[in-house]
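In: Pasted the sequence and its predicted model underneath.
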Amino acid sequence: MSEAIGVFHVSIGVLAAFAVALLLVYVYVRDVTQKRHTVLRNFPVIGRLRFFFEDLGEYFRQYFFLGDREEMPFNRATRAWVYRMAKNEGGILGFGSTYDLTQPGALVFVNAAFPVLDGEHQPTPPLIIGDGWCDKPFVARSLINISGMSYGAISQPAVRALSRGAALAGCYMDTGEGGLSPYHLEGGCDVIYQIGTAKYGVRDEHGKLDLDKLRTMAAHENVRAFEIKLSQGAKPGKGGVLPAAKVTEEIAAIRGIPFGKDSLSPNRHPETGNMDELLDMVTQVREITGKPVGIKTAVGGWQFMHELVESVSRRGLYSAPDFLAIDGGEGGSGAAPQALADHMALSINEALPRVVDALIESGLRERIKVIASGKLVTPAKVAWALACGADFVNSARGYMFSLGCIQALRCHQNTCPTGITTHDPRLQRGLVVEDKAERVAAYTRNMNKEVEMIAHACGLKHAREFRREHVRIVQPNGQSMALNMLYPYPPTR
């Protein structure tokens, strides 16, 4: 009996070896005869190792080879910090920081000789957006808020967790250009409805703005404001892209588009070909909704702000947007052409102070609130933005990390391993809404808390007292320079 079993095992082994040999021969012949890849034609079979390691290279580098401060778009130290904040594990470290204070661009805050005592702290006051200019102004309470991430680009459980977490922490949530879903409203948080170039959710059959649908969206109590999106930092001059694999029947119904087809947004609003037409749209949406209306855009130079302030000065303050959401060229997206993501639009480091300066020079700083966005996921970057003149900071990828994102770089492939940017139910199962909502809330609370901690160390009673003189930027020669020297405050009207 044992001999028979041995013969059987040998036979299986021989068959398996024969099958492997046939497979190798097949692959060899296929590689040698194909005409597309030179490496495979010259080095059949073994040449496939090159493609294998190329595909896995970015993941190996991420975990094994790059240092904690080297990786892009977000390094391991930054991601680990967000994870700890989201888990309420504290931002405490031992022995010393790995942050290089001599690298160009490093942020150095000016500590006060006599910092503010605990009993002297004041809560950071909320700001009112649209006060005096619309029927229902919006009171925004949190310094950091959730930037636009469309339902479709991110999954249902991700949107639900963000909505619930935002409500728990008191921050607002931007819908992104994909329209308003029931999951945005589920948690009861404040919502900013983004009107993208395709006008998802408020479009007619021709893709134009449907005023009745706009009124319907404005009727939702939790929709506090509207944001007209011109462009985002990851792809200025290019509309949004949602692959067909992500266009489910539900998403198609919410957006008002065909099911199962690629969803491509125009690269601009067809009806806004100049600044006056854009301000006409701002005024129209505000009058119909009774709520604040802002503009989201990346900035490539100074023409946009020059035209904006000139047009508002000519037309009157009512025509001004209630807020500007400025996205830096380092901003992210679920899918963007690399040529635009790499090279289009100014970094938030340069764009933000210039935008604020234009508002100060024109006397519009009090009229128009400023929101900054673009890799501002740590309290130091938020404090920097406030010092530059921003009123609020929006973050998308910071909140993705709070949901458990591991930077797998598969946002556009519908294979996100953490269930955040996929509509595969098997992968979505791993994202537990109740747990992640608590993490979203913890990240928001801890961000606000640590920004205030930096303010107190600078001798300020709350974070809205930040000014440019409280920040220094390390220059290429290794010496730091005060932000108010790099970007002096302009004269006011």
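Out: Okay, I see it. Residues are numbered from 1 along each chain as shown.
In: what's the helix or strand for residue 168?
Out: helix 156-169 (DSSP states H and E).
In: Who are the packing partners of that helix?
Out: Judged by 3 or more Cβ pairs under 8 Å, 6 or more residues apart in numbering; DSSP states H and E, helix 156-169 is in contact with strand 144-146, strand 172-174, helix 182-186, helix 397-403, helix 433-457. No exception for glycine: its C-beta is placed from N, CA and C like everyone else's.
In: how deep is residue 15 tucked in, by neighbour count?
Out: If you count neighbours by other Cβ atoms under 10 Å, residue 15 ends up with 10.
In: for the helix or strand containing it, what is the average pLDDT?
Out: Using DSSP H and E, residue 15 sits in helix 2-33. Regarding helix 2-33, the rounded mean pLDDT is 75.
In: Following it in sequence, what is the next regular element?
Out: helix 38-42.
In: got the contact list for that next one?
Out: Helix 38-42 is contacted from outside by 31-32, 34-35, 47-48, 50, using Cβ atoms under 8 Å, 6 or more residues apart in numbering.
In: could you dump that helix to PDB, C-alpha only?
Out: C-alpha atoms of helix 38-42 as PDB (Å, rounded to 0.1, in the frame of the first residue of the first chain):
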ATOM      1  CA  THR A  38      12.400  44.800 -26.200                       C
ATOM      2  CA  VAL A  39      13.600  43.400 -22.800                       C
ATOM      3  CA  LEU A  40      11.300  40.300 -23.100                       C
ATOM      4  CA  ARG A  41      12.300  39.800 -26.800                       C
ATOM      5  CA  ASN A  42      16.000  39.700 -25.800                       C
END
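In: hang on, residue 123 packs against residue 463?
Out: No - when contacts are counted by Cβ atoms under 8 Å, residue 123 is not listed as touching residue 463 (9.7 Å).
In: neighbour count winner among these two?
Out: residue 463 (25 against 11).
In: Would you confirm that the more buried one contacts residue 122?
Out: No - checked against Cβ under 8 Å, the pair residue 463 and residue 122 is beyond contact range at 9.8 Å.
In: follow-up on the earlier one: dump the helices and strands packed on helix 156-169 into TSV; add mean neighbour count as well.
Out: TSV is the format used below for the helices and strands packed on helix 156-169 (neighbours: other Cβ atoms under 10 Å):
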stretch	mean neighbour count
strand 144-146	27
strand 172-174	26
helix 182-186	20
helix 397-403	27
helix 433-457	21
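In: May I see the ones you listed organised as CSV, with distance to residue 322 added?
Out: Shown next, in CSV, are the helices and strands packed on helix 156-169 (distance: least, Cβ to Cβ, whole Å):
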stretch, distance to residue 322
strand 144-146, 15
strand 172-174, 14
helix 182-186, 21
helix 397-403, 23
helix 433-457, 23
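In: Check those for me: which has the lowest mean pLDDT.
Out: Among the helices and strands packed on helix 156-169, helix 397-403 scores lowest, at a mean of 90.
In: How far does the following helix or strand past that one sit from its chain's centre?
Out: Once the chain leaves helix 397-403, the next helix or strand it forms, by DSSP H and E, is helix 425-428. Centre-to-centre, helix 425-428 and its host chain are 23 Å apart (Cα atoms, centre = their mean, to the nearest Å).
In: next one: stretch 154-162
Out: With Cα atoms, centre = their mean, you get 14 Å for stretch 154-162.
In: For it, give me every contacting residue.
Out: 146, 149, 151, 173, 181, 183-184, 186-187, 334, 399-400, 403, 416, 419-423, 428, 431-433, 436-437, 439-440.
In: And that stretch, what's buried?
Out: Buried residues in stretch 154-162, counting neighbours by 16 or more other Cβ atoms under 10 Å, are found at 154-162.
In: burial measure for residue 276, as a count.
Out: Count around residue 276 with other Cβ under 10 Å applied: 14.
In: now residue 295
Out: Around residue 295 there are 22 residues (other Cβ under 10 Å).
In: wait, is it part of a strand?
Out: Yes - under DSSP: H, G, I helix; E, B strand; the rest coil, residue 295 sits within a strand.
In: What does the pLDDT read for it?
Out: pLDDT, read off for residue 295, is 97.
In: Pull up the gap between residue 183 and residue 433, please.
Out: Distance, residue 183 to residue 433, by Cβ to Cβ, to the nearest Å: 9 Å.
In: what do you get for residue 354?
Out: 40 Å.
In: Run through who's touching stretch 357-370.
Out: Contacts of stretch 357-370 (Cβ under 8 Å, 6+ apart): 127, 129, 133, 294, 302, 305-306, 308-309, 312-313, 317, 320-324, 326, 352, 355-356, 389-392, 487, 489-493.
In: Show me what counts as buried in that stretch.
Out: In stretch 357-370, the ones that count as buried by 16+ other Cβ under 10 Å are 357-362, 364-365, 367-370.
In: in this protein, which segments are predicted with low confidence?
Out: 1-10, 50-72, 93-95, 233-240, 331-343, 493 (pLDDT under 70).
In: domain ranges for it?
Out: For the chain, the structural domains run 2-65, 119-486, going by automatic domain parsing.
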